[in-house]
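Student: My questions concern the predicted model and sequence given below.
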Amino acid sequence: MTTGQDKAPTTATGQVLAELRAKVGRELGTTEWFTVTQLEADVFSALTDDWDHMHNDPEWARATLWGGTIAHGIYMIALIPSVMKKLTALPFVNDDPAQGFTLNYGFNKVRFVAPTRLDLPVRAAVGVVSVEDKANGSVLLTFSVTFLQRHHDREVTTAYAEYLLYMDFSSAPHPAQA
């Protein structure tokens, strides 16, 4: 079986992996500022059947200590794959199976440190925590992801995001064997 270290870094995926190994313990990058809107909170509530005044009633929420509606914490976590696609060249969606692919493996140390106010700028900072070769030929990538909100310039949501990188489809286990 080939591992991330065995694969020649001349492939695009190999080059990305080499860059991630070199950045362990350092920041990978920061997204542009963006906003989470009331419409997004309402759609997320509809999809998850998680309706609450703090997320969906701007008039009610204006009277709270937050001063307005706030995002669902889980919605912020759901934004992490989008953040990773913006900040890495990992093959999340790739037309060439020979370039490998990346699967979401899970999240650890998820914390909702402060409310994320809707319609106020947010950005995500990502760091590379570890790059670990696995026996099955995959590479376990662990990233720290911190969402910050501009109006109080502090962390609002933090998590460790883990991804399995397969250098090619042949190294991936069959779903029944995973």
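Tutor: That came through, no problem.
Student: List phi and psi for Arg154.
Tutor: Dihedral angles of Arg154 (phi, psi; degrees, to the nearest 10) stand at phi -140, psi 170.
Student: At the geometric centre of the chain, which residue do we find?
Tutor: Geometric centre of the chain, nearest residue: Ile80, 2.3 Å, by CA atoms, centre = their mean.
Student: separation between that one and Arg154?
Tutor: Noted for Ile80: a distance of 19 Å to Arg154, by CB to CB, to the nearest Å. Bear in mind the C-beta positions are built from the backbone N, C-alpha and C, glycine included.
Student: likewise Thr35?
Tutor: Distance, Thr35 to Arg154, using CB to CB: 17 Å.
Student: go on, Gly25?
Tutor: Counting by CB to CB, the gap from Gly25 to Arg154 is 23 Å.
Student: the more surrounded of these two?
Tutor: Neighbours were counted for Gly25 and for Arg154 using other CB atoms under 10 Å; Arg154 has more, 11 against 8.
Student: Surely the more buried one and Leu148 touch.
Tutor: Yes - the criterion here is CB atoms under 8 Å, and Arg154 meets it with Leu148 at 6.7 Å.
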